[in-house]
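J.: Take a look and give me a structure for this.
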Amino acid sequence: MFNFRRTQMERIIIPTSYIHVRSTPLWTKETAPKSIWQRHLDKGTRQGVYPKLSVMQGTIVYYSYADETSPEPTDTLVIQAGQFGVFPPETWHRIEAVTDDTVFNVDFYVAPEILTEE
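T.: Residues are numbered from 1 along each chain as shown. Alright, predicted model coming up:
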């Protein structure tokens with residue numbers, strides 16, 4: 001499952017000036033995009049964008065990595081039903097659904113100056 005000897009992430013607070021720009025649907029292990037379970041660095045995690053993953057049922061583990069090829073995670077965060085986790089921008093990461101009944105979604109918050117660039 002997961003190894004608790006890894007470093008537990010520090011809590012991240014989204015700056016209050018950031019703007020909520022989109023939400024994913026409610027996903028399960030079966031309905032989430034397959035790529036979300038693999039290590040990735042996507043547009044949603046670029047500088048000035050904070051993803052917030054909320055778990056409605058089950059448990060998700062978030063793993064962050066130093067880069068695309070590092071073998072071990074640098075941090076982990078266990079997110080259980082009724083909890084959420086905020087992840088740092090520009091971070092290689094993957095998630096794992098620990099339970100088969102997991103239901104979750106992701107909200108994205110963006111710095112106002114990023115929105116004016118687009």
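J.: got a list of contacts for stretch 47-58?
T.: 12, 14, 18, 26, 43-45, 60, 62, 79-90, 95, 97-111, 113-114 (CB atoms under 8 Å, 6 or more residues apart in numbering). From N, CA and C alone the C-beta is placed, and that goes for glycine too.
J.: Surely His93 is in a strand?
T.: Yes - under DSSP: H, G, I helix; E, B strand; the rest coil, His93 falls within a strand.
J.: quick revisit: please indicate which of the contacts of stretch 47-58 are buried?
T.: 18, 44-45, 60, 62, 79, 81, 85-87, 89, 95, 97-98, 102-111, 114 (16 or more other CB atoms under 10 Å).
J.: Show me those residues that map onto helices.
T.: The members of these that map onto helices under DSSP state H are Ile114.
J.: quick one: which of the buried ones among the contacts of stretch 47-58 sit in strands?
T.: Among those, the ones falling in strands (DSSP state E) are 60, 62, 79, 85-86, 95, 97, 103-110.
J.: Tell me which two in those are the farthest apart.
T.: Ala97 and Val110 (26.1 Å; CB to CB).
J.: my guess is Ile13 meets Val86, correct?
T.: Yes - with contact defined as CB atoms under 8 Å, Ile13 reaches Val86; the gap is 7.1 Å.
J.: any residues touching the helix or strand of the chain with the lowest mean pLDDT, and which ones?
T.: Across the helices and strands of the chain, mean pLDDT, DSSP states H and E gives its lowest value to helix 112-117, namely a mean of 81. Contact partners of helix 112-117, identified using CB under 8 Å, 6+ apart, comprise Ser17, Tyr18, Ile19, Val21, Gln47, Gly48, Val49.
J.: contacting residues for the fourth one?
T.: With contact taken as CB under 8 Å, 6+ apart, Val21 is in contact with Phe108, Tyr109, Val110, Leu115.
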